[in-house]
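1. need a structure here:
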Amino acid sequence: MKVLIIEPTFIPHSTEPELGPQLLEQGTTPDVDKDTARKLVDAQKALYTAKTDDPYKGQRTAEKELIDAAAKARTEKAKADKVAAKSAEEAPQ
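-> Down below sits the predicted model:
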C-alpha cells in the first residue's frame with residue numbers, strides 16, 4: 001500500500017534488514033506494508049494515498065492535489081539534480 005510521506009522519517013529496510021533503517025524523504029510515495037503504513041500515519045509522518053486503504057474512512061488520506069504536487073516536486077528535483085551533476089562535470093578542475 002502506498003503512503004505519502006509528509007515528514008522525513010526512517011523505517012526498517014523492508015528487503016534487507018541488515019542494511020539498517022531506510023530514509024523516506026518528504027513528498028515520496030513508498031510502497032509499504034499495512035502495519036508500517038498505519039504506524040507512519042498514526043505518527044503523523046504520512047498520509048494514505050488511497051481512501052480504500054485508510055481505516056479512518058478518508059480522514060487520513062492525502063488529497064489528489066497534494067499527491068500530484070508531490071509528484072511534480074519530485075520530477076523537478078530530479079531535473080535540478082541532473083543539471084547540477086552535469087554542471088559539476090563541466091566545471092574546470
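2. what segments of this structure are helices?
-> Remark: helices assigned in the chain by DSSP state H are 34-42, 64-90.
3. by mean pLDDT, show me the worst of those.
-> Among the helices of the chain, helix 64-90 carries the lowest mean pLDDT, a mean of 90.
4. just put the helices of the chain in JSON lines and tack on distance to Gly27 and mean neighbour count.
-> The C-beta positions use only the backbone N, C-alpha and C, and glycine is treated the same way. Output for the helices of the chain, formatted as JSON lines (distance: least, C-beta to C-beta, whole Å; neighbours: other C-beta atoms under 10 Å):
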{"stretch": "helix 34-42", "distance to Gly27": "14", "mean neighbour count": "17"}
{"stretch": "helix 64-90", "distance to Gly27": "4", "mean neighbour count": "11"}
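5. quick one: residues contacting the spatially most central residue of the chain.
-> By C-alpha atoms, centre = their mean, the chain has its centre lying nearest to Thr28, at 2.1 Å. Thr28 sits next to Leu4, Ile5, Ala70, Arg74 when contact means C-beta atoms under 8 Å, 6 or more residues apart in numbering.
6. residues contacting the second one?
-> Taking C-beta under 8 Å, 6+ apart, we find Ile5 in contact with Leu24, Glu25, Gln26, Gly27, Thr28, Thr29, Pro30, Leu40, Lys45, Ala46.
7. ok, now how distant is it from Ala46?
-> With distances taken as C-beta to C-beta, to the nearest Å, Ile5 is found 5 Å from Ala46.
8. list the residues that contact both of these two?
-> Common contacts of Ile5 and Ala46 (C-beta under 8 Å, 6+ apart): Leu24, Leu40.
9. next, count neighbours for the residue nearest to Asp31 when sequence neighbours are not counted.
-> Computed as C-beta to C-beta, 6 or more residues apart in numbering, the closest residue to Asp31 that is not its neighbour in sequence is Lys2, at 5.4 Å. Neighbours of Lys2 under the rule other C-beta atoms under 10 Å: 16.
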